[in-house]
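**Student:** One predicted model, sequence on top.
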Amino acid sequence: MKIKANVCRAVLLTSIVWMLVDVLVLFYILDPNLNRNPAKLRAERHFESFEKTFKGSDPSVQKELDKLLKELSFEKDGPGEMGTPVLLDPSREEEKKEKFKLNEFNLLASDMISINRTLPDYRIG
């Protein structure tokens, strides 16, 4: 009887260990972002070529465009990059509440997120 109990324990323990190894291997193989470099996933941003193309337009239009472009973020590692959360300064809480009343979403955080942000690709394949 004692031999059967020890054999059952050994078989059960070995099975559990192999199942854990299988799960770890599958998670490693199936995670699409583990083996990729986030810098390779980013598209190059050609902001300089954009400026050269649109210079020389109507001065009033150019002034308005410059004003809008100053408010936008084109950072490669800014808030929201690769799906990271946007952390707001507690001192801007009142401004956040005022902007929330406009569209019923966090407009302050939305404005901080880069236009060209990169998101991880979770598709299988």
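**Tutor:** Now that the structure is in, tell me what you want to look at.
**Student:** Could you find the closest non-adjacent residue to residue 113?
**Tutor:** Using Cβ to Cβ, 6 or more residues apart in numbering and skipping residues adjacent in sequence, the residue nearest residue 113 is residue 80, 3.8 Å away. Where C-beta positions appear, they are placed from N, C-alpha and C, glycine not excepted.
**Student:** mind checking the backbone torsions on the one you found?
**Tutor:** When quoted as degrees, to the nearest 10, the phi and psi of residue 80 stand at phi 80, psi 0.
**Student:** Which residue ranges make up the domains of this structure?
**Tutor:** Listed by the TED database, the domain ranges of the chain are 1-31, 70-124.
**Student:** Could you give the number of residues near the residue nearest to residue 113?
**Tutor:** Neighbours of residue 80 under the rule other Cβ atoms under 10 Å: 18.
**Student:** is it true that it touches residue 117?
**Tutor:** Yes. Using Cβ atoms under 8 Å, residue 80 is in contact with residue 117, at 5.1 Å.
**Student:** And the helices in this protein, which stretches?
**Tutor:** Under the criterion DSSP state H, helices of the chain are mapped to 2-30, 38-41, 47-54, 59-71, 93-103, 107-112.
**Student:** in the chain, what spans have low per-residue confidence?
**Tutor:** Applying pLDDT under 70 to the chain flags the ranges 1, 32-57, 72-76, 125.
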